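In: With the input below, show me the fold.
(chains A and B)
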Amino acid sequence: MNGIELREVWFKYPGSKEWALRGVSLEIRRGEVLVLVGPNGSGKTTILKLAGGLYRPSRGEVTFWGSNIWEVNGSKRLELRRAVVYVHEKPILLRGTALDNVTFAPLLRGVPREEAIKIAEELLSDTSSAYLSRKDRREMSAGEAQVVSILRAVAAGPKILLLDEPTAHLDREKRVILTNLIGKLRSEGMGIAIATHDHLLALRTADRVVIVENGVVGSVGRPSEILDCC
Amino acid sequence: MEIVVRSLVVSGTATLLASTWSIVLAYLLVRSPRTSRPLIPLLEGMVGVPTVLIGLLLYLLLSRQGPLGVLRLLYSPQAIVIGQAILITPLITSVAYRVLTHSWDMYGELALSLGAAEGQAAKIVISESLSGVAAAVVMGFSRALGELGVALMVGGNIRGYTRVMTTAIALEVSKGEFELAVSLGIILLLILAMISLTLRFLGRLRE
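Out: Model (predicted):
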């Protein structure tokens, strides 16, 4: 399996009596865009966080390139986790400017500072966001912060990118930039999973659409087969 | 002046010691919810333990007939340091735990999702919540500086050796020397206000 696989995953939040996910099986493959749609509280974010190795399943297993992430030792788990990056719905930026934030991800993975800055500057420039470089996190709008948090994740160079409601704070112009970025990353072989309510984004980017309802995966198919609007 | 310096050194050392283990403990508790669930209410309950009770327990431990009597620490500044460090551990741990929990929910998960190792994530979480953690330390220092029970019971209020501001204030009041007692009280308040203001200033500079 060239990517992430959730096999019969059940998940319950600590202290909760309700299952958030019930027997979810799903694959996120490299070079493909998978879009999860469904109402609020249906389990889309939980699926992404499980796929990102941030939550441990209550039952079932999550495998990264065939290895169960929760059964391998620390260094192997870190290596597997580094192949995947999850981007929160609410943009969380660290102290400093946009450039500091985008540089942070490659630095964390041991990339030399000069190279990390080059990666960050290129990304900001390619997405018409160079004007944000020197802007402090406190001066950014929610949309700008969201763009920066997505670029920071891309700068980490993951094989699989998990985006949680990536267009939630974006205006039309930035949505177009994001759609183009997703297309470019997919063509370079990155796998992308997106949880969204934005059907237009799903239509423009998805290879497969999955409907999630009440913690269960429903229909799976091409966007034109699944989304009502088409 | 000598009393003020001694108070600052004794309580400062106690705070330094207690902060070292309390911040580590708080972080470990944040990372292990199963342990923290029963332990945090217990620690929070211990925040209000009367200082004389800790003083008494420590007195029994350190007195000549006590299990730690051989250390000959009773009526020494070291005994006050130990007592104050024990006293403020629950306070620093529980406040730091709240701060770090909030910070972990935001920055810890972010760090892990970006591929941070556990140590890198800890560094990011503590760095992003430095002003909150510093506030917990200051609260601990204030409590240590202002407590009387431990300093009196295991320090003995020996002039030139274990007399600190609070024990000196108590002594002067008992002698009817209110003027000196009030002066020491004002110094105590000024020190605490200065620390608080410095921290706020440093917090702003950092932002």
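
In: going forward, measure contacts between C-alpha atoms and count neighbours the same way
Out: Will do.

In: Run through the residues that contact the residue nearest to B:Ser129 when sequence neighbours are not counted.
Out: Among residues not flanking B:Ser129 along the chain, B:Ser103 sits closest, at 6.2 Å (C-alpha to C-alpha, 6 or more residues apart in numbering or on different chains). By C-alpha atoms under 8 Å, 6 or more residues apart in numbering or on different chains, B:Ser103 lies in contact with B:125-126, B:128-129.

In: Pull the contacting residues for the closest residue to chain A within chain B.
Out: Closest to chain A within chain B is B:Gly115: 4.6 Å, counting by C-alpha to the nearest C-alpha. Remark: with contacts taken as C-alpha under 8 Å, 6+ apart, B:Gly115 is in contact with A:78, A:81-82, A:84-85, A:105, A:108-109.

In: Around chain A, pick out the residues from chain B.
Out: Within chain B, the residues that sit near chain A (C-alpha under 8 Å from any C-alpha of the partner chain) are B:106-107, B:109-110, B:112-117, B:120, B:128, B:207.

In: mind redoing it with 6 Å?
Out: B:113-115 (C-alpha under 6 Å from any C-alpha of the partner chain).

In: element containing the most centrally placed residue in chain A?
Out: Nearest to the mean C-alpha position of chain A, by C-alpha atoms, centre = their mean, lies A:Leu162 at 1.5 Å. According to DSSP states H and E, A:Leu162 maps onto strand A:160-164.

In: what's the single longest helix in chain A?
Out: helix A:172-187 (DSSP state H).

In: Touching that helix from outside, list them.
Out: Contacting residues not belonging to helix A:172-187 are listed as A:Gly31 [C-alpha atoms under 6 Å, 6 or more residues apart in numbering or on different chains].

In: Can you name the residue of chain A nearest to chain B?
Out: Closest point on chain A to chain B, by C-alpha to the nearest C-alpha, is A:Arg82, at 4.6 Å.

In: Could I get the full set of helices for chain A?
Out: So, for chain A - with DSSP H - the helices run A:44-51, A:74-81, A:98-108, A:113-126, A:142-155, A:172-187, A:199-205, A:223-226.

In: What sits closest to B:Met139 if chain neighbours are left out?
Out: Per C-alpha to C-alpha, 6+ apart, closest to B:Met139 is B:Ile92, 7.3 Å.

In: was I right about the one you found contacting B:Val138?
Out: No. In this structure, B:Ile92 is not within contact of B:Val138 by C-alpha atoms under 6 Å, at 8.7 Å.

In: what about A:Ala142, neighbour count?
Out: Close neighbours of A:Ala142, defined as other C-alpha atoms under 10 Å in any protein chain shown, add up to 16.

In: In contact with it: list those residues for me.
Out: A:His169.

In: Can you give me the pLDDT of it?
Out: A:Ala142 carries a pLDDT value of 94.

In: now swap in B:Ser19 and tell me
Out: 96.

In: What of B:Thr35?
Out: In this prediction, B:Thr35 has a pLDDT value of 86.

In: follow-up on the earlier one: ok, now which ones touch the residue of chain A closest to chain B?
Out: Going by C-alpha under 6 Å, 6+ apart, the list of residues near A:Arg82 reads B:Gly115.

In: go again using 10 Å as the cut-off
Out: A:52-53, A:76, A:109, A:156-160, B:112-117 (C-alpha atoms under 10 Å, 6 or more residues apart in numbering or on different chains).

In: Using PyMOL, define a selection of the buried residues within the residues you listed.
Out: Buried members of the contacts of A:Arg82, defined by 16 or more other C-alpha atoms under 10 Å in any protein chain shown, are picked up in PyMOL with:
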select buried, (chain A and resi 52+53+109+156+157+158+159+160) or (chain B and resi 112+113+114+115+116+117)
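
In: nearest spatial neighbour of the most centrally placed residue in chain B, skipping sequence neighbours?
Out: With distances taken as C-alpha atoms, centre = their mean, the residue of chain B nearest its centroid is B:Gly140 (3.2 Å). Distances taken as C-alpha to C-alpha, 6+ apart place B:Ile88 nearest to B:Gly140, at 5.3 Å, with adjacent residues excluded.

In: average pLDDT across stretch A:31-45?
Out: The model assigns stretch A:31-45 a mean pLDDT of 95.

In: end to end, how far does it reach?
Out: End-to-end distance for stretch A:31-45: 21 Å, by C-alpha to C-alpha, to the nearest Å.
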